[in-house]
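With the sequence up front, the predicted model follows.
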Protein chains: 4
Amino acid sequence: MQQGRLNINGISLQSRLFLGTGLFPNPYVQTEAIKAAGADVLTFAIRRVNLDATQDDSILQHMEGMERRFQYLPNTSGARTADEAIRIARLARASGLSDWIKVEISVNERTLLPDPLETLRATEVLVQEGFTVLPYTSDDPVICKKLEEAGAHAVMPGGAPIGTGLGILNPYHIGIIVEELSVPVIVDAGLGSAADVVQAMELGVDGVLMNTPIARAKNPVQMALAMKLAIEAGRESYLAGRIPRKKYASASSSLEGVSVPW
Amino acid sequence: MQQGRLNINGISLQSRLFLGTGLFPNPYVQTEAIKAAGADVLTFAIRRVNLDATQDDSILQHMEGMERRFQYLPNTSGARTADEAIRIARLARASGLSDWIKVEISVNERTLLPDPLETLRATEVLVQEGFTVLPYTSDDPVICKKLEEAGAHAVMPGGAPIGTGLGILNPYHIGIIVEELSVPVIVDAGLGSAADVVQAMELGVDGVLMNTPIARAKNPVQMALAMKLAIEAGRESYLAGRIPRKKYASASSSLEGVSVPW
Amino acid sequence: MQQGRLNINGISLQSRLFLGTGLFPNPYVQTEAIKAAGADVLTFAIRRVNLDATQDDSILQHMEGMERRFQYLPNTSGARTADEAIRIARLARASGLSDWIKVEISVNERTLLPDPLETLRATEVLVQEGFTVLPYTSDDPVICKKLEEAGAHAVMPGGAPIGTGLGILNPYHIGIIVEELSVPVIVDAGLGSAADVVQAMELGVDGVLMNTPIARAKNPVQMALAMKLAIEAGRESYLAGRIPRKKYASASSSLEGVSVPW
Amino acid sequence: MQQGRLNINGISLQSRLFLGTGLFPNPYVQTEAIKAAGADVLTFAIRRVNLDATQDDSILQHMEGMERRFQYLPNTSGARTADEAIRIARLARASGLSDWIKVEISVNERTLLPDPLETLRATEVLVQEGFTVLPYTSDDPVICKKLEEAGAHAVMPGGAPIGTGLGILNPYHIGIIVEELSVPVIVDAGLGSAADVVQAMELGVDGVLMNTPIARAKNPVQMALAMKLAIEAGRESYLAGRIPRKKYASASSSLEGVSVPW
């Protein structure tokens, strides 16, 4: 494993940006955005893939055409229960796509917020079955800890509801989750701009998963580049160790021992 | 002038990060941080420079030894009145250092917040005398507009008091200033981390000036790189056009017209 | 039931401020603060009460001496599992104290954040056993909905971890919870000042439970009064319907049809 | 002067809520809202008053009919220069309305943000002429200090642009202004709800001036009551001394020396 790289269940990743593949205006833009983002991990809804003929599938086809090899992270979006999610995961693996799975289970149409109990149950089962499991969950630190204890290989708390672009609604919770968990923490959903990505990384998370902020930007390819830079900026900033906040000013030009010219 | 570059009074700049040169732990770190930041414009307090022998000055010496050519932006920090600032600016130019000047005038020791009236008066005089004038000012949009009308070549509202690391205290004001002014807007002072830089750039400012967040980071050189990436991330994000914020979720995996596999 | 009053499981309450009784500097201040707060509902840890002789208990004694009749809300703090919480609730009811119970279950010493799964299980059981059940829970809207579905008579999401005074960390979630639930929503824990209380009430919650912000204020009795006023201010403000936020200004002194005197 | 009351230039005020009189749906609602707010100080644009016959003026008429005696604070809104403001102030005093004057000078139609230089100049002149001068200004602490030095009897920094309801955009600046000034500080403009009022008061300001948030609320009279309560809640909370913010939780039910019943 290479120094400083994110490692999930033995797979070493170059990039800390996980990319969703939906919503792009067209396949060309999607391909260029994926390149610009420099992502290793691509996620997509299994329900949208033609599992009977993955080699012909319109979504996968574009990715397969690229030189770079990706780590696929199929997701169970659309599932409303653990059982549905488990069934989708098995289909995905059986089709040869990937043994990584993003557990995503929701019953609320307005918020698409994950169901913590069903998510936990699906995680337990899929871990037992040998999947590499990355559950999308709420930002509740206790739930995140339980997911880790259930064997999740990374835990993915939401910043805000999917597609809202509201950013990290509760930075405190994300910070606590980073402190409490040993497995990688990936902020998934709700981010809107590069500033949100940097904020997430400065809170100490290991990566960010996003789709809408890139795919629906006015210029998706340029935004993909922005997000790539933001991930790196945030990671370096986190590692470099920021200055403490102070209430009052201090001159950056200290004048001790300096002869004043007038 | 090159496409997309920041241009101040006819000088085209590669980088939108302006760097203060104080507070670094030692000259070696300072030099490496300047390189990592990729800054074109360096600022320093005239009061700390030996104007009688600028070629021997310890601060300038390190910068002169670097291959890259810098645009020096001496500042008038320590000045308490327009007259003092004007005198410092003239000394700086007479010494051959630069005809760029950052007007910085403060009487409040605790906040080091700029005096808008004295700043405005000094700007008027120095513009008349042919300087390239970049005043550091409060984030009051009306004052910023008056500085532009007085001929300032860029206007530099503070994010927060110098050295506090509090970030942008009033993003609304910074956004209004960007809307109201035609000359470049550079956020100067108070930022703490890369996320603050990206936020500033996403508000549409043309650049950022900082010193303490880099020089006083645990690892200044790494933080300089973080800030370089943040400036670029923020600029690209701004230009790429972020998604609107929405109250409720929307799936990134739209399911219309998709055959569901179960 | 009186117009506009908060009603929980058939009990009509005059006040929307629920008060914890711990941490006061002495019994006199506690009593005066309870009066100033005007609270109907008092909560205390069962573990701190002498259940063998509640009439002699030092905590209850002071409350019993007051003219006003209170609704006691014993809590299960200290419980680490649903079973422990259920046992405490039964003891409390058996002692004749109250058949209301605040379910509070936590295993994390640093955050004291509630365990959603154990909380849900205890709620199900205690509702079945005829208690009036008010669970303290995280601000996860899906968990809150499940607690309602389990029969909770009110749901009490935290603003922030107990005793931190950080305020409402995620106003968005509190707002969603208010939208999604039919039973009363009481923000419990983490508030710090009167402004936090008003913010909670303006989000549409039905009440607020607090202890530390009053008991540990410099002047607890005065702070109790502040909180009483804040609850009322927030409630009236919510009902009165605030103005929309706008980006740009509009004069409050419209000048149409007005003759200008100069 | 009564204990704890706000005192401006020798006038002791019962209420810390200053009320603007524009924008109400009709005179009846205006009158009832003024009563509910309990305000002593009423402000209105001189330009809207018929100075030739103040006893017949439609605005003043309604206020004069009320039993309570008010302190009138005519404002110079509409003025674009110090000279215009000074002229309006003199007209107001000459008409016998009041020798209190709110200096309000703006040239920017979109933001209505005050012009600090013209405001300062008008303040200097009007103080010299014996007015009780309360300038509306930006939240720049240096400008606020200069206004105090110019003899202003209270200084009124804006929370946000007039009528926006954005709340206090820069609480840090308001806090610094409170620390730096000796004369009363009144937050004027931009507030939206009762929570904003409490926040202002908890920052230590001496009062709040508002109009739109009450006059344009869905129920103006009820909102006036909310604001009255909020002013009191915020004042008491400020005086009572809030708890410090902490990162981690602390139980409100300490368990030391307590026998656990299971």
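Sure thing, it's come through. Every value quoted in this text rests on a predicted model; they were computed, and no experiment measured them. Residues are numbered from 1 along each chain as shown, chains lettered A, B, ... in the order given.

Every contact and neighbour count from this point should use C-alpha atoms.
Will do.

Give me every residue in chain A lying close to chain C.
A:113-117, A:138-143, A:169-170, A:172 (C-alpha under 8 Å from any C-alpha of the partner chain).

ok, these vs chain B, which is closest?
Nearest to chain B out of the residues of chain A next to chain C is A:L113 (C-alpha to the nearest C-alpha; 8.4 Å).

Verify the contact between that closest one and A:S106 for me.
Yes: contact criterion C-alpha atoms under 8 Å: A:L113 and A:S106 qualify, at 5.9 Å.

Helices along the stretch 101-250 of chain A, start to end?
Under the criterion DSSP state H, counting those that start in this stretch, the stretch 101-250 of chain A contains helices at A:116-128, A:141-149, A:171-180, A:194-202, A:212-215, A:220-240.

which helices and strands does the second one pack with?
To tie it back to what came earlier, the one meant is helix A:141-149. Other helices and strands packing on helix A:141-149, by 3 or more C-alpha pairs under 8 Å, 6 or more residues apart in numbering or on different chains; DSSP states H and E, are helix A:116-128, strand A:132-137, helix A:171-180.

quick check: angle from the last one to helix A:141-149?
Note on geometry: by axes from the mean of the first three to the mean of the last three C-alpha atoms, to 10 degrees, helix A:171-180 and helix A:141-149 are set 30 degrees apart in direction.

Return the residues in contact with A:T137.
A:E104, A:L113, A:P114, A:D115, A:P116, A:T119, A:I143, A:C144, A:V155, A:M156, A:P157, A:G158 (C-alpha atoms under 8 Å, 6 or more residues apart in numbering or on different chains).

Identify the bridge partners of it.
A:P157 (DSSP bridges).

per-residue pLDDT, it?
Each residue has a pLDDT score; the one for A:T137 is 97.

before we move on, what about A:G257?
35.

what do you get for A:N9?
At A:N9, pLDDT is 96.

Next: A:Y248.
pLDDT, A:Y248: 90.

Pretty sure it sits against B:L113.
No: using C-alpha under 8 Å, A:Y248 makes no contact with B:L113, being 10.3 Å away.

Could you name every residue contacting both of these two?
Residues touching both A:Y248 and B:L113 (C-alpha under 8 Å, 6+ apart): B:P161.

Out of the helices and strands packed on helix A:141-149, which is closest to C:T123?
C:T123 lies closest, by C-alpha to C-alpha, to one member of the helices and strands packed on helix A:141-149: helix A:116-128, at 15.2 Å.

any low-confidence regions in chain A?
A:1-3, A:51, A:53-65, A:67-68, A:252-262 (pLDDT under 70).

quick revisit: what's the most buried one of the helices and strands packed on helix A:141-149?
Most buried of the helices and strands packed on helix A:141-149, by mean neighbour count (mean count of other C-alpha atoms under 10 Å in any protein chain shown): strand A:132-137, with a mean of 28.

Please export the C-alpha coordinates of that one as PDB.
Extracted as PDB, the C-alpha positions of strand A:132-137 are listed here (Å, rounded to 0.1, in the frame of the first residue of the first chain):
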ATOM      1  CA  THR A 132     -16.800  -4.900   0.500                       C
ATOM      2  CA  VAL A 133     -19.600  -2.900   2.100                       C
ATOM      3  CA  LEU A 134     -19.800   0.900   2.200                       C
ATOM      4  CA  PRO A 135     -23.100   2.000   3.700                       C
ATOM      5  CA  TYR A 136     -24.600   5.400   3.100                       C
ATOM      6  CA  THR A 137     -26.000   6.500   6.400                       C
END
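
quick one: that strand to helix A:141-149, angle?
170 degrees.

Would you tell me which residues of the stretch 51-200 of chain A are close to chain B?
So the stretch 51-200 of chain A meets chain B at A:51, A:77, A:109-112, A:161-166, A:192-196, A:198-199 (C-alpha under 8 Å from any C-alpha).

Ends of stretch A:132-150, what's the gap?
End-to-end span of stretch A:132-150 (C-alpha to C-alpha, to the nearest Å): 12 Å.

That one: how far from the chain's middle?
14 Å (C-alpha atoms, centre = their mean, to the nearest Å).
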